[in-house]
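Structure for the following, please:
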Amino acid sequence: MPRLFHARPGPWPARSRLSPTRITLVGMMNTSITARELFEQQKERLALRWVAGQKGENRVLEAGDTIARRPSLAGYLNAVYPNKVQILGSEELAWLDSLDSRQRWEIIEKIIHFRPLALVISKNQSCPEDLREAANESDTPLWISPKRGHELLNHLSYHLARTLAPRVTLHGVFMEIYSIGVLITGEAGSGKSELALELLSRGHRLVADDAPEFTQIAPDVLDGTCPELLQDLLEVRGLGVLNVREMFGDTAVKKNKYLRLIVHLTRPMTEPNPHGYERLTGDSGSRHVLDLDVPLITLPVMPGRNLAVLTEAATRLHILRTKGIDPAAMFIARHSNLLERSTP
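Purely as a prediction, here's the structure:
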């Protein structure tokens, strides 16, 4: 049977009695791509040629379209569960050739009716004239590539999945500390930029200042990047905008990093322990970003506290916890054993 009719293929502690931490959400980003944008982004890699349906260059694929009907982003020609990008390989074209003119036209009409973002013919095969005519009449982009079908499928599926993935912009400074992505958050004036500058002088790396963008590229992965406008820049009160790459070298900046930890800075406290901070376990919890719960550690900003050292220690503590090492739990266990031994 031709592929045309194949079916589609350790918890963190909750912040219960601790005060809620506010992380500023700059905004959710609507993700979409047009046929022209996809063509321009992939034409060199896939050697694409646009042979018909040029007037459909503004046809849009939005993330919501893929959620509503659950189609595949890219796949081999399918008239039952239509893909948003339909790939026509040797098998698909041979099957179309085997149909009589009426059946063939019905299939082509059905494919066009679902308004795919584009049709792509693999291995530089000749485009059937009736398919070309239908693409021109319906303004359906029709491309040809010398790549094999599975190469087109892999590249286009991956690219569309990344482009249409859920994304959000958060307020803070995103850095690489000890090889993991750490987002430093806090209210304006809490010292985020000064802390980032100190961490840079200690050999850590900047990903983005002020408005890092996070994309959920997998069920458990948030990839953080910097908007093009802000790349390599860090704004520090009193100094203005600094070019981190020029000041600290190329190794001081990072293009992207996966978000693994949030360090939140709070205002100085006027009362001792006003929110019931745990002396043993610290102020640990998690924050919901898109569909993920990201571990969070809150650090009070007080005179005399070395926030750079504390942030490095918080990062090391997070790394230990991911390995199953919890110093607070070890101490509590030792204390319990000591009490049991001393009880007559």
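
now what about stretch 216-227, what contacts it?
Among residues not part of stretch 216-227, those counted as contacts by C-beta atoms under 8 Å, 6 or more residues apart in numbering are 161-162, 165-167, 174, 181, 183, 207-209, 211-215, 255-259, 289-292, 294. (Glycine included, C-beta is placed from N, CA and C.)

okay, how far is it across that stretch, tip to tip?
Criterion C-alpha to C-alpha, to the nearest Å; first-to-last residue distance in stretch 216-227 is 16 Å.

That stretch: which residues count as buried?
Q216, I217, L222, D223, G224, T225, C226 (16 or more other C-beta atoms under 10 Å).

The fifth one: what secondary structure?
Three states are possible here, and by DSSP: H, G, I helix; E, B strand; the rest coil the one that applies to G224 is strand.

from the buried residues of stretch 216-227, which is closest to L320?
The nearest member of those to L320, counting by C-beta to C-beta, is L222 at 21.3 Å.

Leaving out the residues flanking it, which one is nearest to that closest one?
On the basis of C-beta to C-beta, 6 or more residues apart in numbering, the spatially nearest residue to L222 that is not a chain neighbour turns out to be L259, at 4.2 Å.

Next SSE downstream of the helix or strand harbouring L200?
When elements are defined using DSSP states H and E, L200 is found to belong to helix 192-201. Scanning the chain past helix 192-201 towards its C-terminal end, the next helix or strand to appear is strand 205-210 (assignment: DSSP H and E).

Using PDB, write down the CA coordinates of that following strand.
Output of strand 205-210 as PDB, limited to C-alpha atoms (Å, rounded to 0.1, in the frame of the first residue of the first chain):
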ATOM      1  CA  ARG A 205      29.300  33.700  30.500                       C
ATOM      2  CA  LEU A 206      26.500  35.900  29.500                       C
ATOM      3  CA  VAL A 207      23.600  34.700  27.300                       C
ATOM      4  CA  ALA A 208      21.200  37.600  27.500                       C
ATOM      5  CA  ASP A 209      20.500  40.600  29.600                       C
ATOM      6  CA  ASP A 210      17.100  42.100  30.400                       C
END
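
now it, how far from the centre of its chain.
16 Å (C-alpha atoms, centre = their mean, to the nearest Å).

Repeat that for stretch 44-54.
For stretch 44-54, the distance to the chain centre is 28 Å (C-alpha atoms, centre = their mean).

Check the average confidence over it, would you?
Mean pLDDT, stretch 44-54: 94.

Model confidence at R205, what's the number?
Here the pLDDT value assigned to R205 is 97.

The one 5 residues further on too?
Model confidence at D210, given as pLDDT, is 91.

give me every residue that touches it.
Contacts of D210 were listed using C-beta under 8 Å, 6+ apart, and they are H171, G172, V173, L230, E235.

can you check Q42 too?
For Q42, the residues meeting the contact criterion (C-beta under 8 Å, 6+ apart) are L48, H155, L156, H159.

L242 and K123, how far apart?
Between L242 and K123 the distance, using C-beta to C-beta, to the nearest Å, works out to 52 Å.

between those two, who's got more neighbours?
Neighbours of L242 and K123, each counted by other C-beta atoms under 10 Å, are more numerous for L242; the result is 20 against 16.

Sticking with that one, tell me its helix or strand.
Per DSSP H and E: L242 is located in strand 240-243.

Just name whatever secondary elements that strand is in contact with.
Contact analysis of strand 240-243 by 3 or more C-beta pairs under 8 Å, 6 or more residues apart in numbering; DSSP states H and E lists strand 233-236 as its packing neighbours.

Direction included, what does the strand it packs on pair up with?
As defined by DSSP bridges, the strand partners of strand 233-236 come to strand 240-243 (antiparallel).

what mean pLDDT does stretch 307-321 have?
Per-residue scores along stretch 307-321 average to 94.

okay, and for this structure, where does confidence drop off?
Filtered on pLDDT under 70, the chain yields the residue ranges 1-30, 64-71, 268-282, 344.

Helices of that one, residue ranges please.
Per DSSP state H, the chain has helices spanning 35-46, 63-69, 90-98, 101-113, 129-138, 149-163, 192-201, 244-248, 307-322, 327-342. These are given in chain order.
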